[in-house]
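A.B. asks: Starting from these lines, generate the structure:
(one chain, ligands or ions: 2)
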Amino acid sequence: MRYKLSAPATLHTTIQLPASKSISNRALILHALAQGCITPANLSDCDDTRVMIKALDGNPEHIDILAAGTAMRFLTAYLSVTPGTRVITGTERMQQRPIRILVDALRELGAQIEYAGKEGYPPLRITGTELAGEEITLAGNVSSQYISALLMIGPILRNGLKLNLTGEIISRPYINLTLQLMKEFGAEAAWSSESSITVRPGTYKDIPFTVESDWSAASYWYQMVALNCDNATNEKETVKTEVELSGLFSRSYQGDSRGAEIFTKLGVRTAHTDRGVILTKMGSPVARIKEDLVDIPDLAQTFVVTCCLMNIPFRFTGLQSLKIKETDRIQALITELHKLGYVVKSEEDSILIWDGERCEPEANPVIATYEDHRMAMAFAPAAMRMPSLLIAEPQVVSKSYPGYWKDLQQAGFEIEIEE
Ligand SMILES: O=C(O)C1=C[C@@H](OP(=O)(O)O)[C@@H](O)[C@H](O)C1
Ligand SMILES: C=C(OP(=O)(O)O)C(=O)O
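C.D. replies: Residues are numbered from 1 along each chain as shown. Ligands and ions are numbered 1, 2, ... in the order given. Have a look, this model is predicted:
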């Protein structure tokens with residue numbers, strides 16, 4: 001199946017964003033470790049959170065987390081300290097996403113984990129046992145999810161846990177998000193140096209907790225505002241581009257809230273209200289842009305697609321984790337942007353560059369999505385500049401934002417289904 005998209009001339013809408021899957025999945029693990037009775041409120045209804053809820057409910061022996069990286073990594077640590085033997089698996093792609101660094105770290109703490117398929121990758125057979133906390137060293141430059149997974153079980157280890165991280169630490173705001181939520185659930189955990197974290201032994205509290213809206217999902221609305229060529233910019237016009245996103249907070253612990261600051265360079269103003277944010281267009285965008293995205297890898301597709309379509313040459317660094325996400329996002333971006341007439345290049349598997357080079361665009365491009373929700377969501381706003389854009393396998397958005405297409409329709413997009 002594919003969707004043919006036609007964008008509205010002007011955007012003027014209010015969107016209730018989905019809840020953050022990163023916060024939902026942390027809150028569910030912390031709630032389970034607290035043996036809590038107060039279920040976290042406003043949990044995401046996305047696939048990645050549904051699989052987490054299912055895995056934690058009723059003690060299943062076989063757990064399939066589909067494509068959810070957070071669920072795979074967080075549950076691997078959680079099951080290592082939870083009595084019983086279980087097999088945890090996921091999609092074909094999940095079976096290609098590495099997990100050895102986390103498994104080695106847990107084994108060093110005494111965990112009983114076997115590879116049920118290929119060494120170094122899911123599926124895993126895990127027998128829960130009591131782990132003795134101690135000091136361990138692991139790579140911080142592959143996925144922060146390994147670190148978050150270990151941190152969350154830290155307080156229930158006999159002696160707590162000290163993690164020493166080697167290499168350049170990627171996705172650091174996600175580690176800080178974990179530490180913040182752990183503190184809210186009553187744990188004592190903090191950075192003890194630039195590259196080490198100490199977690200004291202203790203117990204988690206059962207607390208009422210409400211999940212915030214998702215700043216990563218917000219980025220596609222920023223993108224639409226940036227790309228919208230609305231002509232109503234003079235004072236006489238009444239309808240100007242304005243998108244209100246509810247449930248977002250300026251002091252969010254979600255690292256992707258930094259997207260708002262980068263979007264000011266692309267001509268989008270953010271006004272904070274007590275309900276969320278209001279996005280409007282402002283000034284002229286920059287002529288070219290350079291950003292290190294190592295803290296916010298999930299926004300790479302958003303910025304790469306936006307800048308090409310706005311004709312803003314770019315150099316985005318810090319993208320070393322993109323190759324092991326839902327797909328190889330470096331390659332996927334290069335291939336799909338080529339269809340639209342943009343020659344994007346990569347360097348050292350961690351940098352994406354566009355110097356303005358163009359190629360002949362395909363007459364009727366169909367954007368392939370590679371089972372990656374963010375390919376679909378980041379390319380859909382391109383319909384604002386490319387009439388009748390086609391997005392293949394649009395249902396992939398359910399991984400983090402099941403209501404995405406409905407929200408686009410609410411904003412005035414027309415969607416034609418082609419089988
Ligand atoms: O901890 C989290 O919630 C996440 C961490 C990031 O992964 P990496 O740490 O693997 O970059 C991010 O890409 C993912 O979508 C969510
Ligand atoms: C990388 C992502 O998710 P995960 O690693 O949790 O599967 C994402 O949502 O962009």
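
A.B. asks: thought P18 was touching S213?
C.D. replies: Yes: counting by CB atoms under 8 Å, P18 does reach S213; the two are 7.0 Å apart. In this view, the C-beta of every residue, glycine as well, is placed from N, C-alpha and C.

A.B. asks: Got phi/psi on L106?
C.D. replies: The phi and psi values for L106, taken as degrees, to the nearest 10, are phi -70, psi -40.

A.B. asks: Might you report the residue contacts of it?
C.D. replies: 76-77, 80, 113, 131, 150 (CB atoms under 8 Å, 6 or more residues apart in numbering).

A.B. asks: Name the helix or strand for I63, please.
C.D. replies: strand 62-64 (DSSP states H and E).

A.B. asks: Skip ahead from that strand and say which helix or strand is next.
C.D. replies: Strand 62-64 is succeeded, C-terminally, by helix 69-80 (DSSP H and E).

A.B. asks: Which residue would you name as the spatial centre of this structure?
C.D. replies: D298 (4.8 Å; CA atoms, centre = their mean).

A.B. asks: Now do the strand holding I63: everything it contacts.
C.D. replies: Taking CB under 8 Å, 6+ apart as the rule, strand 62-64 contacts 51, 54-55, 75, 79, 86-90.

A.B. asks: and that strand, average pLDDT?
C.D. replies: If you average the pLDDT over strand 62-64, you get 98.

A.B. asks: in that strand, what counts as buried?
C.D. replies: Judged by neighbour count (16 or more other CB atoms under 10 Å), strand 62-64 contains these buried residues: 63-64.

A.B. asks: strand partners of it, parallel vs antiparallel please.
C.D. replies: strand 84-89 (parallel) (DSSP bridges).

A.B. asks: Which residues in the partner strand does the neighbour count mark as buried?
C.D. replies: Those would be 86-89, for strand 84-89 by 16+ other CB under 10 Å.

A.B. asks: Ligand 1 contacts on the stretch 1-150 of the chain?
C.D. replies: 22, 69-70, 143-145, 148 (CB under 6 Å from any ligand atom).

A.B. asks: Now intersect those with the helices, please.
C.D. replies: 22, 69-70, 144-145, 148 (DSSP state H).

A.B. asks: any chance of those residues in JSON lines, plus pLDDT?
C.D. replies: Listed next are those as JSON lines, based on pLDDT from 0 to 100:
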{"residue": "S22", "pLDDT": "98"}
{"residue": "G69", "pLDDT": "98"}
{"residue": "T70", "pLDDT": "98"}
{"residue": "S144", "pLDDT": "98"}
{"residue": "Q145", "pLDDT": "98"}
{"residue": "S148", "pLDDT": "99"}
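
A.B. asks: For those, which entry has the maximal number of neighbours?
C.D. replies: S22 (30 neighbours; other CB atoms under 10 Å).

A.B. asks: That one contacts I175, doesn't it?
C.D. replies: No: contact criterion CB under 8 Å: S22 and I175 do not qualify, at 11.4 Å.

A.B. asks: Report the set of residues contacting both of these two.
C.D. replies: With CB under 8 Å, 6+ apart, S22 and I175 have no common neighbours.

A.B. asks: Check the secondary structure at A132 for me.
C.D. replies: coil (DSSP: H, G, I helix; E, B strand; the rest coil).

A.B. asks: Can you tell me how far the closest residue in space to it that isn't next to it in sequence is from M384?
C.D. replies: Leaving aside its chain neighbours, A132 sits nearest to R158 (5.1 Å; criterion: CB to CB, 6 or more residues apart in numbering). For R158, the distance to M384 equals 56 Å [CB to CB, to the nearest Å].

A.B. asks: tell me the contacts of G412?
C.D. replies: 7-8, 10-11, 13.

A.B. asks: Centre of the chain to stretch 356-374, how far?
C.D. replies: For stretch 356-374, the separation from the chain centroid amounts to 21 Å (computed by CA atoms, centre = their mean, to the nearest Å).
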